[in-house]
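3D model of this:
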Amino acid sequence: MQKRVKTAAIKTLEEQITLALKEARFEEAWGLLQGYANPSSSLQTLEGFSDKIAVLQKQVKTSATLR
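As a prediction, the model looks like this:
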């Protein structure tokens, strides 16, 4: 179960990075990549993945509704 959650979190993170790059939000994408690559980062914990992804999803939804 934990592996499936982590796999889903990684996939969602990859989607967020791709979206950020497509929308020319390069600093955000770079920050996501750095956080993912750093093993001591909170992104390496499942809770960190969930929290960060939830924040990014809200930001994406908010920016989409403002356009």
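
only C-alpha atoms from now on, for both contacts and neighbour counts.
Will do.

per-residue confidence at the residue sitting nearest the centre point of the chain?
For the chain, residue 13 is the residue whose C-alpha lies nearest the centre (CA atoms, centre = their mean; 3.6 Å). The score at residue 13 is 79. That number is its pLDDT.

check which helix or strand it maps to.
Secondary structure assignment for residue 13, by DSSP states H and E: helix 2-22.

let me know the angle separating whichever helix or strand comes after that helix from helix 2-22.
Using DSSP H and E, the helix or strand that follows helix 2-22 towards the C-terminus is helix 26-37. Relative orientation of helix 26-37 versus helix 2-22 (axes from the mean of the first three to the mean of the last three CA atoms, to 10 degrees): 160 degrees.

measure how far helix 26-37 is from the centre of its chain, please.
Averaged C-alpha coordinates place helix 26-37 at 9 Å from its chain's average position (CA atoms, centre = their mean, to the nearest Å).

for that helix, packing partners?
Secondary-structure packing of helix 26-37 (3 or more CA pairs under 8 Å, 6 or more residues apart in numbering; DSSP states H and E): helix 2-22.

the same query, at a cut-off of 10 Å, please.
On a contact count with 3 or more CA pairs under 10 Å, 6 or more residues apart in numbering; DSSP states H and E, helix 26-37 meets helix 2-22, helix 46-66.

thinking again about what came up before, ok, the residue nearest to the centre of the chain to residue 54 distance?
10 Å (CA to CA, to the nearest Å).

I am finished for the moment; much appreciated.
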